[in-house]
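**Q** Got a predicted structure here, sequence first:
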Amino acid sequence: MAKQKLKRVDLIFSQECSCKDIISAALQKPKEEIVKELIDSGLKGRGGAGFPTGLKWKMAMQEKGNKKYVICNADEGEPGTFKDREILDRVATKVLGGMALAGYVTGAREGFIYLRHEYKFLIPKLEKVLEKFHIWMDDFDLDFKVKLFIGGGAYVCGEETALIESMEGKRGEPRNKPPYPSSDGYLGKPTVINNVETLVYALMIIRIGADKFKSMGFEGSTGSKLFSVSGDTPKAGIYELELGMTLDEFVKEFGDGDAKAVQVGGASGFCVPRKRFAETHIGYQGGLKGFSLPTGGSMMIFNSSRSMYNVLHNYLEFFEEESCGQCTPCRVGCQQLLKGVEAVKRGEKSQKYLNDLLRLAETMQLTAKCGLGQSVGNSFSSIVENFREEMIY
Amino acid sequence: MRKRESAIRTAVEKHGKERKNLLPVLQDVKQVKNYLSRSDISEIAAEMNLSSAHVYGVASFYHFLDLKVRGQNIIWVCKTISCYMKGSNDIMLALEDVLKIKVGETTSDGKFTLLQTNCIGWCHKGPAMLINDTPYTDLTPEKVSNIIDDYYKK
């Protein structure tokens, strides 16, 4: 059942007890119990894709071999997302705690934080935290070391297999899946790769218990999540909220009173017009009636002064630049969608041409190799279908 | 010439010759040299026992591995939607005005290169930009011109 109120939560940034104690207590538990607790909690990846975290750990745990890796995906590049930066800035020890747990459970002895180039200013701070963390690991007698790996500036490297390719000294081009990183990850070895926020939740779930975590949110979308709120809002910033709220509740709290649309999930997410605020829930699909939209946390609010054509044009320019160019549907599709909306706007193409472009977006959804190309159609179709007149006039 | 060769050798020695170290090696060489020239690419390839095509392919893939001569400081103005809505265009105009160059160009004294980039993760404090690795947020045209002044005083 949907819970009606927008509820603030404080798990990620809370400092209610020493991080060292949380990690130490968690490491006392048997590995199987930790995995069971995570699966039981229903935690799904907070980077946006929403894969069950416990299952990911379990698969890597079951892999044979003594060389395994843990990677923290801090290549936060989705437009409108800035929560991972804040987490690494304020509670990096919790992230490392989650990584230590993943290392303990899977038997990995090496971990990496893949930090996006744009967050290089965090390096001195992170290096200090790492120094302290490695002393803790010695205290706990856990053979686990973490290094920083700095990205080169490529949105697509947030896709886990592209990130791994880039760490292996290659172009950040996504791999075909399967095999998945849990069996064939970094250097071909079993690898757990999680988003920054996911790792903190993993640690906090082992601390508070799956039942308490599950008591928040709803079936299929348990717990809370960080939201990065930007755009036309008097309260831009980062908020930890229980999953399952409606966009109506969200806009009442964060809008400027004149919200005409909310982009849920960044450029690769969906644009929801005002008439659908009440029936749209924030969470993973399948648990609630009406529309449920997942998000990596990006919530951009647009008020009625904004041209949705400009918004879409900005997203398409973004995708056209960030497409890795490896597969044709995405490389050519992004270029054609951009050229297409420009031609319609200039009146060189009739408005019916938008239907051709919608079909192209659908083809990209079906045929692109990775999540980048597959999700261009999310924002494209939801903006063109809901704000068609703004695309033309 | 000697400086370049030693920068490459130092980076390869520091990180190791295996292919997995290519990105850190490229980043280090770029840091010392300001940008990666064609001959750097070939030399790195030779040092690491990789093909020049592979190294060039990797170097050209990432936004922050420059293959062109850049100014001493690189300004990256965020052009993604949240910053755009908060007036990133005005910030760009102010920078062009202060530096007397257009986006994509380098000042004649070689002090600054002005570029645009996609979302840098400061959407709640837009408009935002990076100068080298340092973020600047909540920008206004006045603020921008003070920031540039400070760099000239350094």
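**A** Looks like it arrived, so ask away. Residues are numbered from 1 along each chain as shown, chains lettered A, B, ... in the order given.

**Q** And the residue of the stretch 251-393 of chain A closest to chain B?
**A** With distances taken as Cβ to the nearest Cβ, the stretch 251-393 of chain A approaches chain B most closely at residue A:314, which sits 4.6 Å away. C-betas here are computed from N, CA, C, even on glycine.

**Q** Ok, chain A next?
**A** Among the residues of chain A, residue A:152 lies nearest to chain B; the distance is 2.8 Å by Cβ to the nearest Cβ.

**Q** State the helix or strand in which the residue nearest to that residue when sequence neighbours are not counted lies.
**A** With sequence-adjacent residues excluded and distances taken as Cβ to Cβ, 6 or more residues apart in numbering or on different chains, residue A:152 is closest to residue B:62, at 2.8 Å. Residue B:62 belongs to no helix or strand when assigned by DSSP states H and E.

**Q** Please work out how many residues are found near the closest residue to residue B:137 other than its chain neighbours.
**A** Setting aside the residues directly before and after it, residue B:137 is nearest to residue B:125 in space (Cβ to Cβ, 6+ apart), at 3.7 Å. The burial metric for residue B:125, expressed as a neighbour count using other Cβ atoms under 10 Å in any protein chain shown, is 19.

**Q** shouldn't residue B:125 be in contact with residue B:136?
**A** No: counting by Cβ atoms under 8 Å, no contact exists between residue B:125 and residue B:136, whose distance comes to 9.5 Å.

**Q** what does the stretch 1-150 of chain A have sitting close to chain B?
**A** Proximity of the stretch 1-150 of chain A to chain B, by Cβ under 8 Å from any Cβ of the partner chain, involves residues A:76-82, A:84-85, A:116-121, A:149-150.

**Q** In helices only, show me those.
**A** Cross-referencing those against helices under DSSP state H gives A:84-85.

**Q** give the contact list for the residue of the stretch 251-393 of chain A closest to chain B.
**A** Residue A:314 sits next to B:79-81, B:84 when contact means Cβ atoms under 8 Å, 6 or more residues apart in numbering or on different chains.

**Q** next one: residue A:74
**A** The neighbourhood of residue A:74, defined by Cβ under 8 Å, 6+ apart, consists of A:84, A:88, A:113-116, A:119, A:196.

**Q** For burial, what's the neighbour tally of residue 139?
**A** Assuming you mean chain A. Burial measure for residue A:139: 11 neighbouring residues, criterion other Cβ under 10 Å.

**Q** that answer is for a different chain, and I need it for chain B
**A** Should you count by other Cβ under 10 Å, residue B:139 turns out to have 25 residues around it.

**Q** Residue B:51 too?
**A** 11.

**Q** Identify the residue nearest it in space, chain neighbours excluded?
**A** Using Cβ to Cβ, 6+ apart and skipping the chain neighbours, the partner closest in space to residue B:51 is residue B:45 (6.1 Å).

**Q** Tell me which residues touch the one you found, please.
**A** If a contact means Cβ under 8 Å, 6+ apart, then residue B:45 has B:51-52, B:54-55 as its contacts.

**Q** Could you list which of these belong to helices?
**A** For the contacts of residue B:45, membership in helices holds for B:52, B:54-55, with DSSP H as the criterion.

**Q** list the contacts for residue 110?
**A** By default, I'm working from chain A. When the contact criterion is Cβ under 8 Å, 6+ apart, the partners of residue A:110 are A:69-70, A:144-147.

**Q** look at chain B instead
**A** B:71-72.

**Q** Flag every residue of chain B that's near chain A.
**A** Residues of chain B lying near chain A (Cβ under 8 Å from any Cβ): B:18-24, B:26-27, B:50, B:54, B:57-58, B:61-65, B:79-82, B:84-85, B:117-126, B:130, B:133-135.

**Q** Would you mind measuring the gap between the ends of stretch B:23-43?
**A** With Cα to Cα, to the nearest Å as the measure, the ends of stretch B:23-43 fall 15 Å from one another.

**Q** Pull the distance from it to the chain's centre.
**A** Computed by Cα atoms, centre = their mean, to the nearest Å, the chain-centroid distance of stretch B:23-43 equals 12 Å.

**Q** Walking through chain B, point out its strands one by one.
**A** Using DSSP state E, the strands assigned to chain B run over residues B:73-78, B:112-117, B:129-131, B:134-136.

**Q** ok, for residue B:133, nearest residue in space, not its chain neighbours?
**A** residue A:120 (4.2 Å).

**Q** repeat for residue A:221
**A** Excluding the flanking residues, the one nearest residue A:221 by Cβ to Cβ, 6+ apart is residue A:283, at 3.2 Å.

**Q** Go ahead and confirm residue A:278 touches residue A:250.
**A** No: taking Cβ under 8 Å as the definition, residue A:278 is not a contact partner of residue A:250, at 11.0 Å.

**Q** More neighbours: which of these two?
**A** Counted by other Cβ under 10 Å, residue A:278 and residue A:250 do not tie: residue A:250 has more neighbours, with 25 against 13.

**Q** So that one: helix, strand or coil?
**A** Secondary structure for residue A:250, judged by DSSP: H, G, I helix; E, B strand; the rest coil, is helix.

**Q** Quick one, grab the pLDDT at it.
**A** Per-residue confidence at residue A:250 stands at 96 (pLDDT).

**Q** could you list every residue that touches it?
**A** The contact partners of residue A:250, taken as Cβ under 8 Å, 6+ apart, are A:6, A:262, A:277, A:282, A:299.

**Q** Which helix or which strand is home to the last one?
**A** Read that as residue A:299. Following DSSP H and E, the helix or strand that holds residue A:299 is strand A:298-303.

**Q** follow-up on the earlier one: show the contacting residues for the residue nearest to residue B:137.
**A** Listed by Cβ under 8 Å, 6+ apart, the contact partners of residue B:125 are A:236, B:137-138.

**Q** so what's whichever residue of chain B sits closest to chain A up against?
**A** With distances taken as Cβ to the nearest Cβ, chain B approaches chain A most closely at residue B:62, which sits 2.8 Å away. With contact set as Cβ under 8 Å, 6+ apart, residue B:62 has these partners: A:117, A:151-154, A:166, A:172, B:23.

**Q** about what we covered before: got a ChimeraX select line for the buried ones in the ones in helices among the contacts of residue B:45?
**A** A single ChimeraX command suffices to select whichever of the ones in helices among the contacts of residue B:45 are buried according to 16 or more other Cβ atoms under 10 Å in any protein chain shown:
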select /B:54,55
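
**Q** show me where pLDDT drops low in chain B?
**A** Low-confidence segments of chain B, defined by pLDDT under 70: B:1-5.

**Q** domains of it?
**A** The record's domain split for chain B, according to automatic domain parsing, is B:2-59, B:73-153.

**Q** about what we covered before: among the contacts of residue A:250, give me the pair with the biggest separation.
**A** Checking the contacts of residue A:250 against each other with Cβ to Cβ, the farthest-apart pair comes out as A:6 and A:262, at 13.7 Å.

**Q** of these two, who's got more company?
**A** The neighbour comparison of residue A:6 against residue A:262 (other Cβ under 10 Å) goes to residue A:262, with 29 against 18.

**Q** Show me what that one is bridged to.
**A** With DSSP bridges applied, the residues forming beta bridges to residue A:262 are residue A:272, residue A:301.

**Q** how close does it get to residue A:230?
**A** Residue A:262 sits 11 Å away from residue A:230 when distances are taken as Cβ to Cβ, to the nearest Å.

**Q** Mutual contacts of these two, please.
**A** Residues touching both residue A:262 and residue A:230 by Cβ under 8 Å, 6+ apart: A:299-301.

**Q** Rebuild these as TSV, extending it with neighbour count.
**A** Formatted as TSV, the shared contacts of residue A:262 and residue A:230 follow (neighbours: other Cβ atoms under 10 Å in any protein chain shown):
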residue	neighbour count
A:299	28
A:300	29
A:301	27
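
**Q** Just put the residues you listed in TSV and tack on distance to residue A:31.
**A** TSV is the format used below for these (distance: Cβ to Cβ, whole Å):
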residue	distance to residue A:31
A:299	36
A:300	40
A:301	43
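
**Q** If anything else comes up later, I'll come back, but that's it for now.
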